[in-house]
Each structure stands twice: as C-alpha cells, then as structure tokens.
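Engineer: predicted model and sequence below, questions to follow.
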Amino acid sequence: MKEKLEKVSDFEWKLPKTVRKEMKVNARIIANQKILDAIEEDAVQQLTNVACLPGVVEPVVGLPDMHWGLFDSRNTVLPPNGLPMGAVSAFDDKEGIISAGLCGFRWE
C-alpha cells in the first residue's frame, strides 16, 4: 500500500481513496521520508480501513508516530484491523459511527 502514496510535500503524503474501492475519503500521512520508511505496511492498511467507515470525514490522518500493534489476550498478532495507533479520524454527526475502541479494534 505504501507504494501508492503520493508525495504532497517533504512532510505530507496522500493515499488517494481510489486505492481501495471501499474508501470514502483520502488518507494522509504526516512524516518525513525516514519516518515514512519506518512505518509498517500494516499500519498504512489500517489507515485505509478507517477511510472505508460510514460517515468518515476527510482526511483520515496518520501522524509521525503512527504504528500498528494489535494483539489478542494470548499475545498473538492479529490482522491489521481498526485504526493504527498515532492516527486521527473524524465522523459526521448524522451519518458517522461512534467507536469506543477504534484504535486497534478488531472487527470482522
């Protein structure tokens, strides 16, 4: 997914909503090249997951400390669901969702 990022500036990258048919809005990552290189592919995938949710408001943003890290009670790594840690999203007050555990939350 990182290969589909478009450079906006030295510190901003855009992941267009066209990279996944389910995406409703664009995603952005705020990071320089060195930090971007260190961000896990699964974290970028999680960012696109949130851009697919009902009522999401553009953009979904990954901050420089963005990372993936979802484990179950047995400390087993789970698939990249939910919003990555170090990311921000907003939702429309009428069409959006409310989630008590969006970061790292596992939905199926």
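Structural biologist: All right, it came through fine.

Engineer: where are the low-confidence patches of the protein?
Structural biologist: Along the chain, segments meeting pLDDT under 70 span 69-82, 99-108.

Engineer: which element is residue 65 on?
Structural biologist: Taking DSSP states H and E as the criterion, residue 65 maps to strand 56-67.

Engineer: mind listing the helices for this protein?
Structural biologist: 33-38, 41-50 (DSSP state H).

Engineer: please identify the deepest-packed of these.
Structural biologist: helix 41-50 (a mean of 22; mean count of other Cβ atoms under 10 Å). For every residue, glycine as well, the C-beta is placed using N, CA and C.

Engineer: other SSEs contacting it?
Structural biologist: strand 12-15, strand 27-30, strand 56-67, strand 85-91 (3 or more Cβ pairs under 8 Å, 6 or more residues apart in numbering; DSSP states H and E).

Engineer: quick one: end-to-end distance for stretch 28-42.
Structural biologist: 15 Å (Cα to Cα, to the nearest Å).
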